[in-house]
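> Output the structure for:
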Amino acid sequence: MKTLVAYFSQTGQTKKVADAIYESIEGDKELKEFSEVESLEGYDLSFIGFPIIAFGPAAQGKEFLEQKAAGKKVALFITHAAPEDQEGIGAWLDKCKEAAAGAELVGFFDCQGELSEQIAEFLMKNEDPTMRSFGERRPETIGQPDESRLQRARDFAKEVMGKV
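Alright, predicted model coming up:
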């Protein structure tokens, strides 16, 4: 079986998860940034990862799924600066799944990543108090994804590989 791990990472957090997934996959495998992927032809399974940006999938992730994933077996992995149990995050993740509607979704994983200092500063200048509060929570995100979250990503990859 030939497996691809493809990702878009704005600040390096999604890449960390992509690397963890990649190292857990046995057999014929490739790790590529979205910009290096022409198509998903020739892959039996593709792990596709990107961050949440502005309460939904990063534009690069949505575009990648819509243009390349139709009819293909995919497992999504999503990063976000919010804790996994934050109220409202389910709606953000649903938007990511909706972007993959044309694909055969065989797995889904999400975890917290670190909110970059630049993005936090941008958010704290926003007039919307909700956006400012996200920026103020940056200290809680530092060091994420931590080893326990990366191990969960490895376990996710093994679970998906066992199903397909």
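> rest of the way, CA atoms for contacts and neighbours
Noted.
> any weak-confidence spans in this protein?
The chain contains no residues with pLDDT under 70.
> center of it, which residue is that?
The residue at the geometric middle of the chain, judged as the C-alpha nearest the mean C-alpha position with Cα atoms, centre = their mean, is Ile78 (2.3 Å).
> and that one, bridged to which residues?
Ile78 forms beta bridges with Phe50, Asp110, as assigned by DSSP bridges.
> Assess the claim that it and Gly113 are in contact.
No - the pair Ile78 and Gly113 fails to qualify as a contact (Cα atoms under 8 Å) at a distance of 9.4 Å.
> overlap in contacts of these two?
Contact criterion Cα atoms under 8 Å, 6 or more residues apart in numbering; residues shared by Ile78 and Gly113: Thr14.
> For Ser133, see how far away the residue in the chain sticking out farthest from the centre is.
Residue farthest from the centre of the chain, counting by Cα atoms, centre = their mean, is Glu127 at 27.9 Å. As for Glu127, its distance to Ser133 is 11 Å (criterion: Cα to Cα, to the nearest Å).
> And stretch 143-160, what's buried?
Residues of stretch 143-160 classed as buried under the neighbour-count rule (16 or more other Cα atoms under 10 Å) are 144-146, 149-154, 156-157, 160.
> follow-up on the earlier one: dihedrals phi and psi, the residue farthest from the centre of the chain?
phi -70, psi -20 (degrees, to the nearest 10).
> ok, it to Gly135 distance?
Taken as Cα to Cα, the spacing of Glu127 relative to Gly135 amounts to 12 Å.
> Gln151 too?
When Cα to Cα is applied, the distance between Gln151 and Gly135 equals 27 Å.
> Could you do Asp146 as well?
Per Cα to Cα, Asp146 is found 20 Å from Gly135.
> Same question for Gln118.
Separation of Gln118 from Gly135 (Cα to Cα) stands at 10 Å.
> repeat for Ser46
Here the distance between Ser46 and Gly135 works out to 33 Å (Cα to Cα).
> Likewise for Ile48?
Distance check for Ile48 against Gly135: by Cα to Cα, it reads 27 Å.
> these two touch, right, Phe34 and Phe8?
Yes - under the criterion of Cα under 8 Å, Phe34 makes contact with Phe8 at 5.7 Å.
> The two - which one has more neighbours?
Between Phe34 and Phe8, counted using other Cα atoms under 10 Å, Phe8 has the larger neighbour count: 23 against 19.
> The spatially closest residue to that one that is not a sequence neighbour: how many residues sit nearby?
Excluding the flanking residues, the one nearest Phe8 by Cα to Cα, 6 or more residues apart in numbering is Phe50, at 5.0 Å. Other residues lying near Phe50 total 30 when counted by other Cα under 10 Å.
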